[in-house]
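1. need a structure here:
(chains A and B)
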Amino acid sequence: MADKYTDPDIVKGIKARNRKVLAFLYEQYFPMILDFTKKNSGNEDDARDLFQEGLVVVFEKAINENLELSSSFRTYFYAVCRNKWLMVLRKRRGGPQMVVDTQQVADWVPEAAKDWQKHEQFEVYRKHFKQLSEDCQRVLNLFLKGHSLREIGEVMGFTEKYAKKRKFTCQKQLIIAIEQDTLYHELKY
Amino acid sequence: MEQDIELLERYLNGDLHSNEKEEVEERLKSDPTFADRMKILQDSKAAILNPVDDFRNELRQVINEQEQGALVEEKRPFNWRYGIAAALFAIALTFAAYLIMLKPPTADALYADNFNIPPENITVRDQPGDDLLSEALDAYNQDNYQEALGLFQEFLQEDPQHQGVMFYSGICQLVLDQNEQALVTFQNISTQQTGEYLTAAQWYLGLTYLKLDHLDQAKATLGDLHRAGNGNYSRDAGILLEKIK
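-> As a prediction, the model looks like this:
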């Protein structure tokens, strides 16, 4: 690929986890995120985390749906990171927070807020999934990958009937844990 | 709750009769807990199966590499008083950079460096099934790899030996991290002996082995491709082989 990437190349590269594109993004956009973080009570480590998590949001959006940018990638990425940083500040200090913008956000980027919110909600799902027993994680993983209850039973050494029961129990545990998470309710979109 | 889960799963799979479907839809409007549960069931597949942790790890590696590179390249002002110390420091940095360069890249890193999504170039002729193929290629061109894969597979049920469609199915599977399936797809193309996509399929077969960390098979496949000695894939296989060693 060429040294300079267009916005569609960037989205494609993130989706394909292309290291050259990721390195290019670091070179191009990390200074912007560092500047923003430092001017908003953060340090270099915060900026690194923010840059990383911002790109994870973009990656998740790109692999789940079509990421069609209504603004430049720079503006979209800045808006995603800005949302994430507001959440970090809220957690650290409590209550609504304000930030000093270091980029011109002439137009509000509504999809950035929505994509960030959806990603955070998925993070809540993942957190509770990882807290399930290893057994439950395997059953649900097989189920979500499209395996039949008979196949799940074979892999796990269960009868088909027990696999069905186990799957329901695990789903129930996951749903209850998510429903009891206050962050999940705050993030409803 | 089990009944709710079962009902919602049947609803999401489109397995309900129209009257049951209407009842579910009514309840979704009037019962927020029921609606929440549907959202959780609907989203949990993507949330749990998305390779977000893998991406995060790869990204962290790239950031570290970039920062180490920047550290080595950083220019320091010359100060004669500290000339010797500065020289020693520069030697140490150079040595550190040399050690970093000596460290062989991981299979994951090599895969990511070499994997690119090829643009599709299948010619759609006015033949039965070509509407489906056009739809599949549109989805591929719009980066809807999940949808494209489903349509390619539907097409392959009618024409299971279509090499081009097999090839782009394999690409979709790689993008979607269905690596074992991609392996089978590219292996199947390789058994066809001839065809427009044979060389490209061999290249992606080598990359799939690399992604799965099956280094011996990756070397063997790329070695064969390199020895075949024609075209860019053959040349790239040679370059990649050097890096794997």
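2. tell me, what residue is most central in the chain?
-> Chain wasn't specified; assuming chain A. For chain A, the residue nearest the mean C-alpha position is A:H119 (3.5 Å; CA atoms, centre = their mean).
3. switch to chain B, please.
-> B:V175 (2.8 Å).
4. got the confidence number for the nearest residue to that residue once chain neighbours are set aside?
-> Among residues not flanking B:V175 along the chain, B:Y145 sits closest, at 4.7 Å (CB to CB, 6 or more residues apart in numbering or on different chains). The C-beta positions use only the backbone N, C-alpha and C, and glycine is treated the same way. pLDDT recorded at B:Y145 is 84.
5. can you give me the helices for chain B?
-> Secondary structure of chain B (DSSP state H): helices located at B:2-12, B:18-30, B:32-49, B:52-73, B:83-102, B:107-114, B:130-141, B:145-158, B:163-175, B:179-190, B:198-211, B:215-228, B:231-244.
6. B:I40: neighbouring residues, count only.
-> When neighbours are counted by other CB atoms under 10 Å in any protein chain shown, B:I40 registers 22.
7. B:F186 too?
-> Neighbour count of B:F186, defined by other CB under 10 Å: 28.
8. how many neighbours does the closest residue to B:G170 other than its chain neighbours have?
-> Closest residue in space to B:G170, ignoring its immediate chain neighbours: B:T185 at 3.8 Å, by CB to CB, 6+ apart. Look at B:T185: counted by other CB under 10 Å, it has 27 neighbours.
9. what sits against B:T185?
-> By CB atoms under 8 Å, 6 or more residues apart in numbering or on different chains, the contact list for B:T185 reads B:M166, B:F167, B:S169, B:G170, B:Q173.
10. buried subset of those?
-> Neighbour-count burial (16 or more other CB atoms under 10 Å in any protein chain shown) is assigned, among the contacts of B:T185, to B:M166, B:F167, B:S169, B:G170, B:Q173.
11. of those, closest to A:C170?
-> B:Q173 (27.2 Å; CB to CB).
12. how near is the closest one to B:F152?
-> According to CB to CB, to the nearest Å, B:Q173 stands 10 Å off from B:F152.
13. ditto for A:R48
-> In terms of CB to CB, A:R48 sits 39 Å off from B:F152.
14. cool, and A:E160?
-> According to CB to CB, A:E160 stands 31 Å off from B:F152.
15. compare these two (neighbour count), which wins?
-> Higher neighbour count among A:E160 and B:F152: B:F152, with 28 against 14, using other CB under 10 Å.
16. now that one: closest residue in space, sequence neighbours ignored.
-> B:S169 (4.3 Å).
17. the one you found and B:L151 touch, don't they?
-> No: at 9.6 Å, B:S169 does not count as touching B:L151 under the criterion of CB atoms under 8 Å.
18. show me the shaky parts of chain A.
-> A:1-3, A:95-96, A:105-108, A:189 (pLDDT under 70).
19. could you do chain B as well?
-> B:71-83, B:85-87, B:97-103, B:119, B:125-126, B:230.
20. that one against chain A: which residues are in contact?
-> Chain B comes close to chain A at residues B:1-2, B:5-6, B:33, B:36-37, B:40-41, B:43-52, B:54-56, B:58-60, B:62-63, B:65-66, B:109, B:112-113, B:115-117, B:142-144, B:175-176, as judged by CB under 8 Å from any CB of the partner chain.
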